[in-house]
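Engineer: My questions are about this predicted structure, shown below with the sequence.
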Amino acid sequence: MKKTLTIAIMLLFAIASVSAKDVIITRDGKKIECYVVKTNSKGVEYRTNNPDNGPIFELTNDEAATITFESGEVYVFQTSAPETVKYGSLTPEIDSDGLPKPIEGMAVRRESDDAYYMGSMKMDEEQFERFLQRNCTPAYERFRTGVKLKRTGWALFGVGIGMTISGVALVASGVRYYKVTSKSTSIEVTEITDPVNRSLYIPGAIFLSFGSAALTASIPLLCVGIHKKDHAYETYNEQCTNRQAYSHNNEVRLNLSASHNGLGFSLNF
């Protein structure tokens with residue numbers, strides 16, 4: 001019996017040692033389950049089937065992106081290109097709608113061409129909005145709030161411009177104009193403003209006031225809206241790059257509570 005138990009324990013340890021593997025992620029998105037032999041300044045050496053025997057394979061720093069060891073420790077390879085070190089050149093998998101699938105720990109960046117990048121995958125604003133809608137509710141809400149504020153700001157700006165131009169025109173037409181005629185013995189001043197136009201001065205001033213107010217209100221709305229929309233990727237990077245934080249945990253809890261009416265039980269799942 002003792003011999004059988006000893007053999008069983010040894011088999012369990014053997015199975016555990018065989019199943020425990022390191023994971024290498026390459027820069028083109030491939031996942032390699034292996035046994036890392038060693039890492040050095042040039043790259044990594046590993047075996048695929050047995051930690052002690054078998055052929056040794058190599059990947060350079062330019063080919064390997066990260067290693068997640070059996071212990072959970074993560075090793076990041078550095079290349080000679082600082083931008084590649086910072087962002088990596090991984091290409092995420094693409095879903096049926098042409099959007100990248102999130103990779104845990106991979107951030108999104110916004111470049112000077114107003115496009116968004118996840119690894120080497122480029123997204124325009126429309127694609128990025130749909131990406132956030134699927135993968136990060138807080139960032140999507142910030143993006144949509146920015147879009148709404150921006151649209152409202154541009155609408156107020158357009159209304160303000162129109163009312164201001166109309167107000168200036170009405171005020172100008174309502175200003176009193178005079179014609180000065182010089183005679184040999186005197187100077188004659190004659191008003192040439194149409195009496196009908198004089199009545200437009202007051203509505204012109206009102207239009208001008210409301211137009212100026214609309215223009216003034218549109219500026220902060222535009223600034224805030226553009227900032228929220230253009231920086232929604234920062235919210236994604238802060239709150240949604242760790243996908244495990246948004247995974248649903250199937251946890252069942254039994255709670256016991258006491259009150260003057262007696263004991264109570266509740267099951268949360």
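Structural biologist: Received the coordinates, thanks.

Engineer: For C34, which three-state class applies?
Structural biologist: Reducing the assignment at C34 to three states with DSSP: H, G, I helix; E, B strand; the rest coil gives strand.

Engineer: try V171
Structural biologist: helix.

Engineer: What is the neighbour count of the closest residue to it other than its chain neighbours?
Structural biologist: Nearest non-adjacent residue to V171, counting by CB to CB, 6 or more residues apart in numbering: G204, 3.7 Å away. Quick note: C-beta positions are derived from backbone N, CA and C, even for glycine. G204: 21 surrounding residues under other CB atoms under 10 Å.

Engineer: Next SSE downstream of the helix or strand hosting G204?
Structural biologist: G204 is part of helix 201-230, with elements assigned from DSSP states H and E. Per DSSP H and E, the first helix or strand lying C-terminal to helix 201-230 is helix 232-239.

Engineer: Does anything pack onto that next one? Which helices or strands?
Structural biologist: Packing partners of helix 232-239 (3 or more CB pairs under 8 Å, 6 or more residues apart in numbering; DSSP states H and E): strand 108-110, helix 125-135, helix 137-174.

Engineer: Looks like I219 contacts G153 (just checking).
Structural biologist: Yes. Taking CB atoms under 8 Å as the definition, I219 is a contact partner of G153 at 7.5 Å.

Engineer: Pick out whichever of these two has more residues nearby.
Structural biologist: G153 (20 against 13).

Engineer: how near is the more buried one to I32?
Structural biologist: Spatial separation of G153 from I32 under the definition CB to CB, to the nearest Å is 50 Å.

Engineer: What are the structural domain limits within this protein?
Structural biologist: 2-82, 84-138, 147-243 (automatic domain parsing).

Engineer: As JSON lines, these with mean pLDDT would be great.
Structural biologist: JSON lines is the format used below for the domains of the chain (pLDDT from 0 to 100):
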{"stretch": "domain 2-82", "mean pLDDT": "77"}
{"stretch": "domain 84-138", "mean pLDDT": "81"}
{"stretch": "domain 147-243", "mean pLDDT": "80"}
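
Engineer: Redo the helices and strands packed on helix 232-239 as a markdown table? Include distance to M118.
Structural biologist: Formatted as a markdown table, the entries for the helices and strands packed on helix 232-239 read as follows, by distance: least, CB to CB, whole Å:
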| stretch | distance to M118 |
| --- | --- |
| strand 108-110 | 5 |
| helix 125-135 | 8 |
| helix 137-174 | 13 |
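
Engineer: Ok, which of those comes nearest Y46?
Structural biologist: When the helices and strands packed on helix 232-239 are compared for distance to Y46 using CB to CB, the nearest one is strand 108-110, at 30.0 Å.
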